[in-house]
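In: Got a sequence here, can you model it:
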Amino acid sequence: MPSTPHMETYFKDFLKEIRLEDEQKDALVNAHTQLRERLEDDAQLGEILVSTFLQGSYRRSTIIKPAAGQSSDVDVVVVTNISEEEYSPAEALDLFEGFLEEHYPEQYKRQGRSWGIHLPNADIDLVPTSAPSEALSQSEAARNEVFSSLDIESMANRDWLSKRYGSMTASAVDSIMDDDSWKHEPLRIPDREAGAWESTDPLSQISWTVDKNARCSGHYVNVVKAIKWWWRTQHPDRKYPKGYPLEHLIGDCCPDGIASVAEGVVRTFESIVELGPNKPFLSDRGIPSNNVMERVSQGDYSAFYECVVEAADLARAAFDSEDAYSASEKWRELFGEEFPLAAKLESKTAFTARAGAATTLAEANFA
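Out: Residues are numbered from 1 along each chain as shown. The predicted structure is shown next:
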C-alpha cells in the first residue's frame, strides 16, 4: 500500500457526521426497550415467549443516520416455542396482532415476515421466530442476550469488555468471545407471502460481524457505514442493493488486516470491481444455501456495479493523493459535504516545510 497518510482524523470527523445523533440513539433505545418489556409482561404471549434480542444494522453497529424526514429503525427478534406444524406463517404473525392493537394502535402494519411499528422518532420491526428444538434453553437465551447487547465497535477491544462487565474475570470475557456454543441452530421465521417457514440465523450474522471487525482492527463497521452513506446519498435514484445484502457484499470484499477506514473503502470498492458485473451468489452467514442477493435483480446490480467502478477510481485517487487538501477534496467528491475539507496550502513546498512542525490544523490532521 502507498505510504501516503490515510486521513484518520478527517475520517473520524466524517464518521461522526454520518452516525446516529444522540437523540436518535435514545429514541431507538427507548422504543426497543419498551417493546421488549411489554412483550415480557404480556400474559398471553408470555406462554410462547422464549427470548428477545436485537438484530439488523443497529445491532451490528453498521447503522447510519437516516435521511431527512425519516426515522431510524431497529429489529427486535422474538423467539417463541410455537410449532410450525400447528401454525401457518400467517397464523403465527396473527398471534401478535392483539398485543400490537393494545399497545400500538394505528401505529403498526403487517409485513411479509414481520410487523412494522412506526413511532414518532423510531421505527421497529417485530420479527417473530420459532426455535426448531429445545436447544434454545433459557440459559442459552440469557447468554445470547448478554453477548448480543454488547457494542460491536467496542468489542474489538477485550479490555473494554472487562471494564464494561467489571464483575467478569478475564477468563469469563475470553469464554464469551471464543466459545461458539452460543451460536445455536438457526431459527425459523414465518414468511406470510411465501406461505412457508424459512430458516434464519441473525445471531450468526452478528457473530460474523464481531469477528470481522476484530480482524480489521475495529475499522470494518466504519467501512460499512462509509460505503452505505456513499450509496444512499450520492446515488439517491438507485435503490438496490441496500440493507443487509449491501452490507454482506462489503463484508465479503473488505480485506482483513486493513490499517484504516480509507484503505478499507478503497480495497473494498476494488474487490467488488474484480467480481465483475454479474450478480454474485452470496451465502448467508450460518445458512450457506441462502443467497442474500436473491431478491436483487441483475439490472439493479449492473447499475450498482457501474457506480462502484467510478467510485473505486475516485477512492484510489484520493488514497494516493500527496497532500491533505487534494485527498480531502476527492474524498468529499466521493462522500459529499459531510467529509471535511482540508486547508489549501500555497504550494507543495510550503506543505512539506510546515508538515514536520505540524503548525496548522490541516497539517496536524494529515500527519
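In: so how many other residues sit close to residue 221?
Out: By the criterion of other Cβ atoms under 10 Å, residue 221 has 26 neighbours. In short, each C-beta sits where N, CA and C put it, glycine included.
In: got any ranges where the stretch 201-350 of the chain has weak pLDDT?
Out: 346-350 (pLDDT under 70).
In: can you give me the helices for it?
Out: Assigned by DSSP state H, counting those that start in this stretch, the stretch 201-350 of the chain shows helices spanning 202-215, 220-234, 243-253, 261-275, 298-319, 324-335, 348-355.
In: Other residues contacting the fourth one?
Out: What that stands for is helix 261-275. Here helix 261-275 makes contact (Cβ atoms under 8 Å, 6 or more residues apart in numbering) with 1, 6-8, 11, 15, 216, 219-220, 222-223, 226-227, 249-250, 253-255, 258, 305, 308-309, 311-312, 315-316, 318-319, 331.
In: swap in the third one?
Out: Outside of helix 243-253, the residues within contact range by Cβ under 8 Å, 6+ apart are 56-57, 60, 62, 205, 208-209, 212, 220, 223-224, 227-228, 231, 241, 267-268, 271-272, 275, 280, 282, 284-285, 292-293, 295-296.
In: Swap in 7 Å and give it another go.
Out: With Cβ atoms under 7 Å, 6 or more residues apart in numbering as the test, helix 243-253 has contacts from 57, 62, 212, 223-224, 227-228, 231, 241, 268, 271-272, 282, 292-293, 296.
In: Just the buried residues of that helix, please?
Out: Buried residues in helix 243-253, defined by neighbour count with 16 or more other Cβ atoms under 10 Å: 244-253.
In: hmm, which two among the residues you listed are most spread apart?
Out: With Cβ to Cβ as the measure, no two of the buried residues of helix 243-253 lie farther apart than 244 and 253, at 14.7 Å.
In: Name the nearest residue to residue 215, ignoring sequence neighbours.
Out: Nearest residue to residue 215 in three dimensions, chain neighbours excluded: residue 256, at 4.2 Å (Cβ to Cβ, 6 or more residues apart in numbering).
In: Pull the number of nearby residues for that neighbour.
Out: 11.
In: ok, now residue 10?
Out: Neighbours of residue 10 using other Cβ under 10 Å come to 24.
In: That one looks like it's in a helix, true?
Out: Yes. Under DSSP: H, G, I helix; E, B strand; the rest coil, residue 10 falls within a helix.
In: How much space separates it from residue 327?
Out: The spacing between residue 10 and residue 327, counted by Cβ to Cβ, to the nearest Å, is 8 Å.
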